[in-house]
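Colleague: Predicted model follows, preceded by the sequence.
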Amino acid sequence: MPREKLNALHAARLQKLVRYAYENSPFYRKKFDAIGLAPDDVRTVEDFKAKVPLTDKQDFLALQEEKPVYGETIAAPGDRIVQHAETSGTTGAPLAIPYTQYDTMRYGESWCSAYWATGIRPSDSFYFAFGWGSFAGFWSAYWGVRRFGGRLISGGGLTAEGHIKAILRLKPTVLVATPTFAVRLASVAREMGVNPEETSIRYTMHAGEPGPTALPALRKSIVEAWGAENAGELLGIAEIGAFAPCNSIGDGVHVDEMAVFSWVMNPETGKEAAEGEIGENIITSYSNSAQPLLNYRTHDLVRPRLSCPSGRTWVKFEGAVLGRTDFMVTLRGTNVYQTAVEQVLGDIDAVSSSYELHLTHQNGREEMEVRFEPQPGVDADESLSALVAKRLHQALKVRIGVVAVGSGSLPRYDLKTRRIFDHRPAEFRRLLDR
Amino acid sequence: MTDQERIECIQTARRLIEQAAIGASNPMIETILGDADQCLHWALWNLGSDVEFIPELAPARLAEGAV
């Protein structure tokens, strides 16, 4: 669809969304009333960007904690909520995500564009190498295949060896997994004496971590490991879905402008970044009617482009996500924030406030080691390390290496404290993390 | 068929679904027709048609006698 028509559609649809949110969501009604904003005040896309307040995950979490499960974030009657999902909860409590029937029908739509651009067709069959639970991302992948029309095979909670055996037995042509797990599966296959290049897998599709678009070296690893024709990916956030599918040339992801409206904000000025400038992706969903998200901060740093040699007219994020406004690394599909680690350490009395995070890339996957100091007078024994490791695992839902160092041995800084030491090869880091 | 002609066909289909939903005392039929209307609404949305934000065929709207 031409840009002019897309812009006109956004102007009309954002007006309707603002009215819907105001009339149905106590959260938005109070937020708008507090600044004297009426739905009729939003008539253009520029009005929307400038007048509708930014929202953040913390706003929603606070309201849900105040009145579980959804609090005042909800905009549909309880009997219209047909599905519940959650974010992974790596920054604290998971955000509850309600869906109406219509929301679920549209939830995985963007996957169809990614499948097609990667070369996948409805005659293909899809193997999901992940367990099922309330984590929203899996469900969006499921709905994507249901809409696209291929055969869906769920690997569920099988072990890596079990997944390989299922692939050999059921002969799917598309592997859907986090990028690092796809690499690990290929490695496990070889340990089992199976050459992954000789399996039925012809394409791989990824989400949940920086993937083959953001990291060309990772693309090479995956494609070579599986002997695949192509590897695709989607960018998304659990609260909204996988909203930005890859294109056919693999140099970026495109915002699905039928499902969402996006603009890019300069984090320092709060104004819109120009085409080609790096800024924060601010997103608004058209397809989350149970819990509307308007001008929602993703904290993802992106570089927008309005044209693309692939021919796709939706806004492109060149190279996908280039970094984060708040530092985050994804370990085995789980987002780990520096702030979350800091909170865990801060809650343990025997641990000082000095710590370091060391990132490495080992055997095809990201690893993090936390180096911490005990308080003066406290022994850096194994029991303290075990406690720290256990608390981190409980809070972050992923196992992290822990090393206790001598009290006072970590360097102190006069100005900006350095907490993160990234030892990963440059090709396995996002642009702004290099 | 042009996009505009396709939009008009889908609009006609939605009107027929609304007709079929009136008085449907079987909840299963009501739900199926509601789902069908939502699919058609999404098709119109993707074709760039000026449609309402949320399709409101079932079941509250039916109960109110709005269709």
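Modeller: Perfect, thanks for sending it. Values in this document were obtained by computation on a predicted structure and should not be read as measured data.
Colleague: what's the closest non-adjacent residue to residue B:13?
Modeller: residue B:40 (5.7 Å; Cβ to Cβ, 6 or more residues apart in numbering or on different chains). C-beta: built from backbone N, CA, C; applies to glycine.
Colleague: isn't the one you found right up against residue B:17?
Modeller: Yes. Using Cβ atoms under 8 Å, residue B:40 is in contact with residue B:17, at 7.3 Å.
Colleague: residues contacting residue A:408?
Modeller: Residues in contact with residue A:408 (Cβ atoms under 8 Å, 6 or more residues apart in numbering or on different chains) are A:373, A:376.
Colleague: Roughly how far does it sit from residue A:421?
Modeller: 19 Å (Cβ to Cβ, to the nearest Å).
Colleague: And residue A:108, by the same measure?
Modeller: 38 Å.
Colleague: Just want to know which of those two has more residues nearby.
Modeller: residue A:108 (23 against 12; other Cβ atoms under 10 Å in any protein chain shown).
Colleague: correct me, but the more buried one touches residue A:152?
Modeller: No. Using Cβ under 8 Å, residue A:108 is not in contact with residue A:152, being 11.1 Å away.
Colleague: Low-confidence bits of the chain, can you list those?
Modeller: All of this refers to chain A. A:90-92, A:339, A:412-417, A:431-434 (pLDDT under 70).
Colleague: Hmm, no, I was thinking of chain B.
Modeller: Ranges of chain B meeting pLDDT under 70: B:57-67.
Colleague: can we see that at 90?
Modeller: Along chain B, the model assigns pLDDT under 90 to residues B:22-25, B:27, B:30-31, B:56-67.
Colleague: Where does it get nearest to chain A, residue-wise?
Modeller: In chain B, no residue comes nearer to chain A than residue B:53, which is 4.2 Å away by Cβ to the nearest Cβ.
Colleague: Look at the nearest residue to that residue once chain neighbours are set aside and say how many residues are nearby.
Modeller: What sits nearest to residue B:53 in space, not counting adjacent residues and going by Cβ to Cβ, 6+ apart, is residue A:16, at 4.2 Å. Neighbour count of residue A:16, defined by other Cβ under 10 Å: 16.
Colleague: How about the residues of chain B by chain A?
Modeller: Where chain B comes near chain A, counting by Cβ under 8 Å from any Cβ of the partner chain, the residues are B:34-35, B:38-39, B:41-42, B:45-46, B:48, B:50, B:52-55.
Colleague: Identify the farthest-apart pair in those.
Modeller: Based on Cβ to Cβ, the longest span within the residues of chain B next to chain A runs between B:34 and B:48 and measures 23.6 Å.
Colleague: Neighbour count for these two, which is higher?
Modeller: A direct count of neighbours by other Cβ under 10 Å for residue B:34 and residue B:48 places residue B:34 higher, at 22 against 16.
Colleague: what about that one, which helix or strand?
Modeller: In the assignment (DSSP states H and E), residue B:34 maps to helix B:27-46.
Colleague: Up against chain B, what does chain A have?
Modeller: So chain A meets chain B at A:1, A:5, A:9, A:12-13, A:16-17, A:19-20, A:101-102, A:105-106, A:258, A:286, A:289 (Cβ under 8 Å from any Cβ).
Colleague: What sits closest to the closest residue to chain B within the stretch 101-250 of chain A if chain neighbours are left out?
Modeller: Per Cβ to the nearest Cβ, residue A:102 is where the stretch 101-250 of chain A lies closest to chain B, at 4.7 Å. Excluding the flanking residues, the one nearest residue A:102 by Cβ to Cβ, 6+ apart is residue B:38, at 4.7 Å.
Colleague: Can you give me the buried ones in the helix holding residue B:34?
Modeller: Across helix B:27-46, burial judged by 16 or more other Cβ atoms under 10 Å in any protein chain shown covers B:30, B:32-45.
Colleague: Next, give me the two most distant ones among those.
Modeller: By the measure Cβ to Cβ, B:30 and B:45 form the most distant pair in these, at 22.5 Å.
Colleague: Would you confirm that residue A:428 contacts residue A:217?
Modeller: Yes. Counting by Cβ under 8 Å, residue A:217 is a contact partner of residue A:428 at 6.0 Å.
Colleague: neighbour-wise, which of those two wins?
Modeller: Per other Cβ under 10 Å, whichever of residue A:428 and residue A:217 has more neighbours is residue A:428, with 21 against 14.
Colleague: ok, so what distance separates the more buried one from chain B?
Modeller: Using Cβ to the nearest Cβ, to the nearest Å, residue A:428 is found at 37 Å from chain B.
Colleague: if we can go back for a sec, could the residues of chain B next to chain A be laid out in TSV, adding distance to residue A:272?
Modeller: Compiled in TSV, those are given as follows (distance: Cβ to Cβ, whole Å):
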residue	distance to residue A:272
B:34	39
B:35	38
B:38	33
B:39	35
B:41	31
B:42	29
B:45	25
B:46	26
B:48	24
B:50	26
B:52	29
B:53	25
B:54	28
B:55	32
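Colleague: C-alpha coordinates for stretch A:14-23, PDB please?
Modeller: The C-alpha trace of stretch A:14-23 is given here as PDB (Å, rounded to 0.1, in the frame of the first residue of the first chain):
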ATOM      1  CA  LEU A  14      -5.800   6.400  15.500                       C
ATOM      2  CA  GLN A  15      -8.900   8.700  16.000                       C
ATOM      3  CA  LYS A  16     -11.100   5.700  16.400                       C
ATOM      4  CA  LEU A  17      -8.600   4.000  18.700                       C
ATOM      5  CA  VAL A  18      -8.300   7.000  20.900                       C
ATOM      6  CA  ARG A  19     -12.000   7.200  21.300                       C
ATOM      7  CA  TYR A  20     -12.300   3.500  22.000                       C
ATOM      8  CA  ALA A  21      -9.600   3.600  24.700                       C
ATOM      9  CA  TYR A  22     -11.100   6.700  26.300                       C
ATOM     10  CA  GLU A  23     -14.600   5.200  26.400                       C
END
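Colleague: Good, wrapping up.
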